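Trainee: Sequence plus predicted model, see below.
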Amino acid sequence: MSYDHPVEVVENDVLVVSVVGADGGYFMWQKGLTQEVGSDDGTYFEFDDQINGRHNQVKECTVTNYGIHVVLVNGNLKNLYFSPGFDKFKELQTGLNKIYAEQVGIVEFST
């Protein structure tokens, strides 16, 4: 069974990278591509609910074949595990590399 949700979308000059986990939780990153839509605001990251969304809150992000591990700037750790059949690793890698292109060292990929 393949993963049905798009991982990377650009809408109204905002790059959105998102993934849904095995438990129904999600991680979503957004980055404005122009000043008009907040390119100077940094990277927005949200997990599981809008109430958890903030700009520039990711300190480290490690993506493996099994899931994503995020360390927030407040020291909290958030994990998302992929559903069986997740086949969008390369798309996720490409999207997150675009999101963090100006912030070297935040995202790491381990296969």
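Mentor: Structure received.
Trainee: C-alpha only now, for contacts and for neighbours.
Mentor: Fine.
Trainee: How are the strands of this structure distributed by residue range?
Mentor: All strands of the chain, identified by DSSP state E, fall at 8-11, 14-20, 26-32, 44-47, 49-55, 58-64, 67-72, 77-81, 107-110.
Trainee: Of all the ones you listed, which one comes closest to residue 89?
Mentor: strand 58-64 (8.6 Å; C-alpha to C-alpha).
Trainee: Other residues contacting the closest one?
Mentor: If you take C-alpha atoms under 8 Å, 6 or more residues apart in numbering as the criterion, strand 58-64 is touched by 45, 68-73, 105-111.
Trainee: tally of neighbours for residue 77?
Mentor: 13 (other C-alpha atoms under 10 Å).
Trainee: ok, now residue 73?
Mentor: Neighbours around residue 73, by other C-alpha under 10 Å: 12.
Trainee: you'd agree it is up against residue 55?
Mentor: No: between residue 73 and residue 55 there is no contact under C-alpha atoms under 8 Å: 10.7 Å.
Trainee: Give the bridge partners for residue 17, please.
Mentor: With DSSP bridges applied, residue 17 shows beta-bridge pairing to residue 8, residue 29.
Trainee: okay, now residue 20: neighbour count?
Mentor: Residue 20 - counted by other C-alpha under 10 Å - has 22 other residues nearby.
Trainee: I'd like to know how far the residue nearest to residue 14 when sequence neighbours are not counted sits from residue 83.
Mentor: Nearest non-adjacent residue to residue 14, counting by C-alpha to C-alpha, 6 or more residues apart in numbering: residue 32, 4.4 Å away. Residue 32 sits 29 Å away from residue 83, taking C-alpha to C-alpha, to the nearest Å as the criterion.
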